[in-house]
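Peer 1: structural data only, the sequence is not supplied:
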């Protein structure tokens, strides 16, 4: 068995989609590495992995990696020396440094379509498309900017928060381009380079990316069977004095856990006492599978605490709508509202008019989403139990993911085997703020149910290939 590659999740993210390039395998790998150097994701003098561990990660022969490295060296992109390994050449074209984003991206242009388990977005049906067309028909009556959002939409969102036990005025609502913009604006406004951000681990990769981009030092609070432990959160917050925290208490991404009410109450009291700005991600809150409501938001227990609630229609209805929002606490309202104004002068009025009409029947949206997702969840869970019984997971009470534990310490390596079978996977270790065991996959059940059997067939084939290839990837 080849030695494991250090920081395999990072190299998995950096080389994601490398097979999409045309030509022989060594040429595809060469193109991906060259592009990473050009973009600034690999810095001058940075060391590349040794050939055998990289070949094992990608599921290719050592000769493929050696040939790619040799050709990049001949072209001046790399330097190879005995004893010091393979490094990016100081003379290689330089670009402004870029992060290696954990956030998955789509296939390269012209690439054959894969079955994609990396992005979780709801399918849009023909009746839903027609509803969107009807809902946006009133969007053409004005041509003004609403930097903080359509007034009627802000008023409706404030009313919905108030009904849920969190008294809210319309002035506290800022409409954003999806929840991601809300998270990014909060991080950019509240963090400075070197500040500490406290996040669950594992957690949503988009939050990891934006806080790393802000220059923050990330500290992870482990997520266990019922979510994070308040005592651990408080201990780490006391030790590291974070300037921002990020929590997903309801149907946590990716584990699906739901934080109990008592834990929420204790966190709310601590956040209020320490005046710790905290993002409470509610984007999955509406995706429950039973009639039993989740516990109240953390902010309900401390309405004046510096807690920013973030919501979105992307998971509940359609990601293409790009309508999200922030419910701002008084202490943070001014800087965050100004940041939104400076970012774009306001979002699409057509999308906001559509959101206004859709949210007028929020209970109906929830029922419709549950009816669509529950059968897909059960189908995927049943297929995995039947075809891959050695894989373990809990069926969640809500959300849109299965958090699957594999009997191998090399899940990142498996994702590259799966790519050769036309299946895109995302290693769970890439969702870690601090290093996680490389034993998990996040599998969304938002893929077209008609394609789930084929997806699991490919997944099983990739697993069999992974286990048998040179004796690698066997049971740990």
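Peer 2: Now that the structure is in, tell me what you want to look at. Since this is a predicted model, take the numbers as computed values, not measurements. Numbering: from 1, shown residues only.
Peer 1: and the helices in the stretch 201-350 of the chain?
Peer 2: Using DSSP state H, counting those that start in this stretch, the helices found in the stretch 201-350 of the chain span residues 205-213, 230-240, 261-274, 330-344, 349-359.
Peer 1: can you list these in TSV and add distance to residue 248, mean neighbour count and mean pLDDT?
Peer 2: Any C-beta I mention is one placed from the backbone N, CA and C, and that applies to glycine too. Putting these into TSV (distance: least, C-beta to C-beta, whole Å; neighbours: other C-beta atoms under 10 Å; pLDDT from 0 to 100) gives the following:
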stretch	distance to residue 248	mean neighbour count	mean pLDDT
helix 205-213	9	22	95
helix 230-240	13	15	98
helix 261-274	12	19	98
helix 330-344	19	16	95
helix 349-359	21	22	93
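Peer 1: switch those over to CSV; also include distance to residue 424.
Peer 2: Output for the helices of the stretch 201-350 of the chain, formatted as CSV (distance: least, C-beta to C-beta, whole Å):
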stretch, distance to residue 424
helix 205-213, 14
helix 230-240, 33
helix 261-274, 35
helix 330-344, 31
helix 349-359, 28
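Peer 1: quick one, what contacts the spatially closest residue to residue 166 that is not a sequence neighbour?
Peer 2: Nearest residue to residue 166, sequence neighbours excluded (C-beta to C-beta, 6 or more residues apart in numbering): residue 300, at 5.0 Å. Each residue near residue 300 by C-beta atoms under 8 Å, 6 or more residues apart in numbering is listed here: 164, 165, 166, 268.
Peer 1: and the strand or helix carrying residue 462, what does it pack onto?
Peer 2: Assessed by DSSP states H and E, residue 462 sits inside helix 452-468. Applying 3 or more C-beta pairs under 8 Å, 6 or more residues apart in numbering; DSSP states H and E, we find helix 452-468 packed against strand 115-116, helix 362-387, helix 411-420, strand 423-424.
Peer 1: distance from the helix or strand just after the last one to the middle of the chain?
Peer 2: When you say that, I think you mean strand 423-424. Per DSSP H and E, the first helix or strand lying C-terminal to strand 423-424 is strand 440-444. Computed by C-alpha atoms, centre = their mean, to the nearest Å, the chain-centroid distance of strand 440-444 equals 11 Å.
Peer 1: what does stretch 463-472 give?
Peer 2: 28 Å.
Peer 1: oh, and call the first residue 55 from now on, that's how I've got it
Peer 2: Yep, numbering from 55; the last one is stretch 517-526 now.
Peer 1: what residues of it count as buried?
Peer 2: If you call a residue buried by 16 or more other C-beta atoms under 10 Å, then stretch 517-526 has these buried ones: 517, 519, 520, 521, 526.
Peer 1: tabulate those residues (TSV), appending distance to residue 130 and pLDDT.
Peer 2: As requested, those are exported to TSV (distance: C-beta to C-beta, whole Å; pLDDT from 0 to 100):
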residue	distance to residue 130	pLDDT
517	40	96
519	36	91
520	35	91
521	40	90
526	33	47
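Peer 1: need those in TSV with distance to residue 430, can you?
Peer 2: Shown next, in TSV, are those (distance: C-beta to C-beta, whole Å):
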residue	distance to residue 430
517	21
519	26
520	25
521	27
526	32
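Peer 1: just name the closest of the residues you listed to residue 125, please.
Peer 2: residue 526 (25.6 Å; C-beta to C-beta).
Peer 1: separation between the closest residue to residue 276 other than its chain neighbours and residue 274?
Peer 2: The shortest distance from residue 276 to any non-neighbouring residue, by C-beta to C-beta, 6+ apart, is to residue 255 (6.0 Å). Computed with C-beta to C-beta, to the nearest Å, the distance linking residue 255 and residue 274 is 3 Å.
Peer 1: so where is the stretch 55-204 of the chain shaky, pLDDT-wise?
Peer 2: The stretch 55-204 of the chain contains residues with pLDDT under 70 at 55-57, 159-167.
Peer 1: in it, which spans are strands?
Peer 2: 132-135, 139-142, 169-170 (DSSP state E, counting those that start in this stretch).
Peer 1: buried residues in the second one?
Peer 2: Same thing as strand 139-142. Quick answer for strand 139-142 (16+ other C-beta under 10 Å): 140, 141, 142.
Peer 1: now tell me what touches that strand from outside.
Peer 2: 91, 96-102, 104, 123, 127, 131-134.
Peer 1: looking at those residues, which are in helices?
Peer 2: 91, 123, 127 (DSSP state H).
Peer 1: nearest to residue 174 among these?
Peer 2: residue 91 (31.2 Å).
Peer 1: distance-wise, check the closest one relative to residue 413.
Peer 2: 46 Å.
Peer 1: can you count the residues close to residue 117?
Peer 2: 12 (other C-beta atoms under 10 Å).
Peer 1: the one 4 residues further on now?
Peer 2: Taking other C-beta under 10 Å as the criterion, the count of residues near residue 121 is 18.
Peer 1: and what of the one 4 residues further on?
Peer 2: The tally of other residues near residue 125 (other C-beta under 10 Å) stands at 17.
Peer 1: is it in contact with residue 85, as I believe?
Peer 2: No - under the criterion of C-beta atoms under 8 Å, residue 125 makes no contact with residue 85, lying 10.2 Å away.
Peer 1: quick one, what contacts residue 423?
Peer 2: Counted by C-beta under 8 Å, 6+ apart, residue 423 has contacts 176, 340, 341, 370, 371.
Peer 1: mind running it again at 10 Å?
Peer 2: 176, 340, 341, 342, 343, 369, 370, 371, 454 (C-beta atoms under 10 Å, 6 or more residues apart in numbering).
Peer 1: and it, what pLDDT?
Peer 2: On pLDDT, residue 423 comes in at 92.
Peer 1: can you tell me how far it is from residue 271?
Peer 2: For residue 423, the distance to residue 271 - C-beta to C-beta - is 37 Å.
Peer 1: and residue 244, by the same measure?
Peer 2: Applying C-beta to C-beta to residue 244 and residue 271 gives a distance of 14 Å.
Peer 1: got a quick ChimeraX command for the buried subset of the contacts of strand 139-142?
Peer 2: To isolate the buried members of the contacts of strand 139-142 in ChimeraX, using 16+ other C-beta under 10 Å:
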select :91,96,102,104,123,131,132,133
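Peer 1: state the pair within the contacts of strand 139-142 that is farthest apart.
Peer 2: Most distant of those, by C-beta to C-beta, are 98 and 104, 19.4 Å apart.
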